[in-house]
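Enquirer: here is a sequence together with a model predicted from it:
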Amino acid sequence: MANEHNLIPFSERTARERSEFGRRGAEASNKVKKEKKTLANTINRLMELPLQSKEMKEKLKLLGLEDNEMNNQTAMVVAMYYEALKGNVTAFNSLRDSSGNNYQDIKEEQEKEEIEHPLIFMPAKDIGKAFVDINRWIDERKYNDLWFEGGRGSIKSSYISEKAIEILENNPRMCALVLRQVGNTLKDSVYSQIQWGIEQISESYSYVKNHWKSTKSPLEIKNIDTGQLIYFRGADDPGKIKSIKPPKGMYIGLVIFEEFDQFKGMAEVRKIEQSAKRGGDDILTFKIYNTPKSTNHYVNKEKIIPKKGRYLHKSTYLDVPKEWLGQPFIDDADYLKEAAPKIYENEYLGKMTGDGGNVFENIILKEITDEMIKNFDYTYQGIDFGWFPDPLAWTKMCYQPDKKILYIFDEYVVNKMSNEKVWNYLQENKGVTKDDLITADSAEPKSIGDFQGYGSLMRGAKKGPDSVDYSMKWLSSLAKIVIDPKRCPKSAEEFTTYEYDTDKDGNYISKFIDANNHCIDSVRYAMNPIWRRKGE
């Protein structure tokens, strides 16, 4: 039914309206094509059937045709020829068109393989204000190497996961490669995030979710209509990256580095890009990360180097509607802003706040008095097992969650001492009782069994693929870690000197070295019930 809205010219319609018209038109067009294709297949099968008429066979033999060349189509052409000789204009036109360059429309439709793909657009309601301009620039291909940095809650990964699906839907020859440094972290992180992006964009384009099928072995998401693939790989297994071969006629046009600061440096990144970026001219690379603290980190050093096609995008939680984050998130950020401004600037505002490679910049070395210890509500104990040269390390601490302050006030570090003697020493000199929970390294079940046999209430720390990274980041994000250097000299030394790993060029990378960290590990195990609960 005609109305004023229906009379609006197509050129004046919104992008979404044009896309919807395109989608409807494509559906109708595909339906007609399918019907024509079915008719064409039927006609062709009838035409190719062997000729049954003996009279017509005799006529064809006079033309020099062999038995295997005699089918219904050949007979019809000959019949049209004889009718044309009699002056039948219709037969003449049909014979002319069949023998010339104007091939039958039905045959053209059958051989035509192009498929129309209506454009889709990421819904405006899903685009945070910090991403409005960059969203347009991506569509315009103004840049092809985009770095997305910022702090917690800046929705970088959420935006990218949805934008990636839009890009692939609109470019049916493109495949995507999504990477993290460690392969066994993919399924519960970027794989789930991309699935979320599919669901999110399907709220506006319901048919999109029907295009994509997820598999866990191999870890891939496939567009079942076009054959496009989204590959998930870890940089710790470069062979699996090199072995990727997109379907025929396709190429990897989108490469996403998640937790980019955790890769081993630009040399590794360049090798990955060289392996992946082949076979196409339209290729986008997205690098997503929280800004490292140190100016010496390879990311912070590389990002300032001018490079054609590169753009550095920054976002923070302040650019995001509060209802997207929730009030608890805002409260945590506000508290840290007051309690530890420097950590807040890095963790939430994405600023570089340190010149060195120290992991812990929240350490305070000061006396913890007997009176303070007496008033501690609850204490935690942890053990990192060792013999030689790695020592056994026991630590004791108190955590105040309302202030996000950790107090480390006792330790025992020793080499070449049996488990039984360690247990006796802790009871006699450190006041440890059979009712005190000690959380230990779960990689040593025999030692845990020994302590339990002596009567200790000991249990193994619960671990997971990201447990080391998460617990270290949790410790470094606390407002304060207060250590008494007289009571805990070894803990004070480890926490104040522990640095990030470096690449071959001496650049800091977001990797934690497994050395000179025995008291640190003991503290991580002791606090396992706290940081693990927050990470679940």
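Expert: Arrived safely, thanks for sending. Numbers count the residues shown, from 1 in each chain.

Enquirer: I'd like the distance between residue 125 and residue 138.
Expert: Using Cβ to Cβ, to the nearest Å, we find residue 125 at a distance of 18 Å from residue 138. C-betas here are computed from N, CA, C, even on glycine.

Enquirer: of the two, who's got more company?
Expert: residue 138 (21 against 7; other Cβ atoms under 10 Å).

Enquirer: mind checking how far the more buried one is from residue 309?
Expert: Taken as Cβ to Cβ, the span from residue 138 to residue 309 is 12 Å.

Enquirer: and stretch 78-86, what's buried?
Expert: Residues 78, 80, 83, 84 are the ones in stretch 78-86 that count as buried (16 or more other Cβ atoms under 10 Å).

Enquirer: need phi/psi at the third one.
Expert: As for residue 83, its main-chain torsions (degrees, to the nearest 10) stand at phi -70, psi -40.

Enquirer: give the rounded mean pLDDT of the strand or helix carrying residue 270.
Expert: Element membership for residue 270 (DSSP states H and E) is helix 266-276. For helix 266-276, mean pLDDT is 93.

Enquirer: quick thing: my sequence starts at 695, can you match it?
Expert: Sounds good: first residue 695 from here, last item helix 960-970.

Enquirer: return the list of helices and strands in contact with that helix.
Expert: The elements that helix 960-970 packs onto, with contact taken as 3 or more Cβ pairs under 8 Å, 6 or more residues apart in numbering; DSSP states H and E, are helix 932-936, strand 945-951.

Enquirer: how about the CA coordinates for the last one, as CSV?
Expert: Okay, so that is strand 945-951. The C-alpha coordinates for strand 945-951 follow below in CSV (Å, rounded to 0.1, in the frame of the first residue of the first chain):
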residue,chain,number,x,y,z
TYR,A,945,42.4,-15.7,2.1
ILE,A,946,43.0,-14.4,5.6
GLY,A,947,41.8,-10.9,5.5
LEU,A,948,41.5,-10.2,9.2
VAL,A,949,44.2,-10.9,11.8
ILE,A,950,43.3,-10.2,15.5
PHE,A,951,46.0,-10.2,18.2
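
Enquirer: who are the packing partners of that strand?
Expert: helix 850-864, strand 868-874, helix 960-970, strand 978-984.

Enquirer: please state the offset of that strand from the chain centre?
Expert: Relative to its parent chain, strand 945-951 has a centroid offset of 11 Å by Cα atoms, centre = their mean, to the nearest Å.

Enquirer: low-scoring stretches of the stretch 745-894 of the chain, by residue?
Expert: Filtered on pLDDT under 70, the stretch 745-894 of the chain yields the residue ranges 745, 754, 757-759, 762, 783, 785-811.

Enquirer: where does residue 776 land in three-state SS?
Expert: In three-state terms, and counting by DSSP: H, G, I helix; E, B strand; the rest coil, residue 776 is helix.

Enquirer: what's near enough to touch it?
Expert: By Cβ atoms under 8 Å, 6 or more residues apart in numbering, residue 776 lies in contact with nothing.

Enquirer: do residue 1109 as well
Expert: With Cβ under 8 Å, 6+ apart, residue 1109 has these contacts: 1080, 1081, 1082, 1083, 1085, 1086.

Enquirer: kindly recompute the last result at 6 Å.
Expert: Contact partners of residue 1109, counting by Cβ atoms under 6 Å, 6 or more residues apart in numbering, are 1082, 1085.

Enquirer: okay, buried residues for stretch 1032-1039 please.
Expert: Neighbour-count burial for stretch 1032-1039 flags 1033, 1034, 1037, 1038, 1039 (criterion: 16+ other Cβ under 10 Å).

Enquirer: got phi/psi on the nearest residue to the second one once chain neighbours are set aside?
Expert: For residue 1034, ignoring the flanking residues on the chain, the nearest one in space by Cβ to Cβ, 6 or more residues apart in numbering is residue 1173 at 4.2 Å. Backbone geometry at residue 1173, expressed as degrees, to the nearest 10, gives phi -60, psi -40.

Enquirer: quick one, what contacts the residue lying farthest from the centre of the chain?
Expert: With distances taken as Cα atoms, centre = their mean, the residue sitting farthest from the centre of the chain turns out to be residue 780, at 72.8 Å. If a contact means Cβ under 6 Å, 6+ apart, then residue 780 has no contacts.

Enquirer: could you do residue 1055 as well?
Expert: Taking Cβ under 6 Å, 6+ apart, one finds residue 1048 in contact with residue 1055.

Enquirer: so what's the residue count around residue 1046?
Expert: Around residue 1046 there are 16 residues (other Cβ under 10 Å).

Enquirer: residue 1097 in helix, strand or coil?
Expert: coil.

Enquirer: give me the number of residues near it?
Expert: 12.

Enquirer: so what's the gap between stretch 934-944 and the chain middle?
Expert: Using Cα atoms, centre = their mean, the offset of stretch 934-944 from its chain centre is 18 Å.

Enquirer: can you check stretch 889-906 too?
Expert: On Cα atoms, centre = their mean, the centre of stretch 889-906 falls 16 Å from the chain's centre.

Enquirer: buried set for that stretch?
Expert: Result for stretch 889-906 [16+ other Cβ under 10 Å]: buried residues 889, 891, 892, 894, 895, 896, 898, 899, 902, 903, 905, 906.

Enquirer: ditto for stretch 1145-1164
Expert: 1145, 1150, 1152, 1153, 1154, 1155, 1160, 1161, 1162, 1163, 1164.

Enquirer: and the helices in the stretch 995-1144 of the chain, which stretches?
Expert: 1016-1019, 1021-1033, 1035-1041, 1064-1068, 1113-1123, 1139-1148 (DSSP state H, counting those that start in this stretch).

Enquirer: just these: most buried one?
Expert: helix 1035-1041 (a mean of 19; mean count of other Cβ atoms under 10 Å).

Enquirer: tell me the most buried of the helices and strands packed on helix 960-970?
Expert: strand 945-951 (a mean of 23).

Enquirer: avg pLDDT for it?
Expert: 96.

Enquirer: what does it rub up against?
Expert: Contacts for strand 945-951 (Cβ under 6 Å, 6+ apart): 861, 868-873, 970, 973-974, 976-981.

Enquirer: that one pairs with which strands, parallel or anti?
Expert: strand 868-874 (parallel), strand 978-984 (parallel) (DSSP bridges).

Enquirer: please identify the deepest-packed of the ones you listed.
Expert: Using mean count of other Cβ under 10 Å, strand 868-874 ranks as the most buried of these, with a mean of 24.

Enquirer: residues touching the residue nearest the centre of the chain, list them.
Expert: In the chain, the centroid-proximal residue (Cα atoms, centre = their mean) is residue 884; its distance is 2.8 Å. By Cβ under 6 Å, 6+ apart, the contact list for residue 884 reads 872, 952.

Enquirer: one more time with 7 Å, if that's ok
Expert: By Cβ atoms under 7 Å, 6 or more residues apart in numbering, the residues touching residue 884 are 872, 874, 926, 952.

Enquirer: I'm done for today, thanks for sticking with me.
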